[in-house]
Every structure is written in structure tokens, then in C-alpha cells.
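> this one's structure only:
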């Protein structure tokens, strides 16, 4: 899958799969592996939150254990993912939706942390939603 196709799949996933306020895609590139994360449903009345996640590499196999490597942090509390609805490990591109039980009461700031075994330090995606007013 080329970069253009990867971008199209990510845009489709974001617009259809997890369309909700706020739309702030964050991207991290380390050792030739790009990870893009977009918050999806983080509504006040939702019991589950989701994030669109897309991985892309320059020829390296993506064998990440998504359920083990991500953690959601808010107000000092950590939450492991409840589910990954996406492509399985292997290949050079992966997209999907990572689901978490909502942290209650809802914090003003969230961090989605990714620890990849081959990388020296975690990737941190920060989302600051202030008072959560749309």
C-alpha cells in the first residue's frame, strides 16, 4: 500500500468509523514507522471511547501487539484497551480502531501511550480537551 493509498484509508477510517469531535490527528515517525492517531467517540455520555490508529512502515513488518502496547492515561489513571477492531499483525500497513472503557469522571487531558519493543522510549499522543465543551 503506497503513501497515497495509506492516507486515503486513514481519511476514510477517520471520517466514517470514528467521526466525532474533536478531530485532531497526531502523527509520530520513529525508525521509519509512522503511527497516526485520531480520537473518535469521546462523548460525555459514552461508556466507551475509541481512537483510529494507522501504522505504516517503509518495508518493515508491523508485528505490534496492539492490545499490549497501548495504554490510555487520564488524571493519573491508566487503562488498557478493551478491543482492537482492525488488521492483524504482519505486513507494512495496519489500520483499525482501538477501544477503551471511558475514564470517569472524564479528565480534561488524555494521553495515549504506545510502547514498541524496538524503540527506546514510548510514543505519547496528547489530547487536551479543556472543559470538553463542543
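Perfect, I can see it now. Computed from a predicted model, the values in this text were never measured in an experiment. Residues are numbered from 1 along each chain as shown.
> Could I get the full set of strands for this structure?
Along the chain, counting by DSSP state E, strands occupy 26-30, 33-39, 48-57, 70-74, 77-79, 83-86, 93-101, 109-114, 123-128.
> Of the ones you listed, which is nearest residue 64?
Set against residue 64 and scored by CB to CB, the strands of the chain come closest in strand 48-57, at 6.8 Å. To be clear about C-beta, it is placed using only N, CA and C from the backbone, and glycine gets the same treatment.
> returning to that earlier point: export the strands of the chain to JSON lines and tack on mean pLDDT?
Below are the strands of the chain laid out as JSON lines (pLDDT from 0 to 100):
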{"stretch": "strand 26-30", "mean pLDDT": "96"}
{"stretch": "strand 33-39", "mean pLDDT": "95"}
{"stretch": "strand 48-57", "mean pLDDT": "95"}
{"stretch": "strand 70-74", "mean pLDDT": "96"}
{"stretch": "strand 77-79", "mean pLDDT": "94"}
{"stretch": "strand 83-86", "mean pLDDT": "96"}
{"stretch": "strand 93-101", "mean pLDDT": "96"}
{"stretch": "strand 109-114", "mean pLDDT": "94"}
{"stretch": "strand 123-128", "mean pLDDT": "92"}
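> Turn the ones you listed into CSV, columns for distance to residue 64.
Putting the strands of the chain into CSV (distance: least, CB to CB, whole Å) gives the following:
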stretch, distance to residue 64
strand 26-30, 12
strand 33-39, 9
strand 48-57, 7
strand 70-74, 9
strand 77-79, 18
strand 83-86, 10
strand 93-101, 8
strand 109-114, 8
strand 123-128, 11
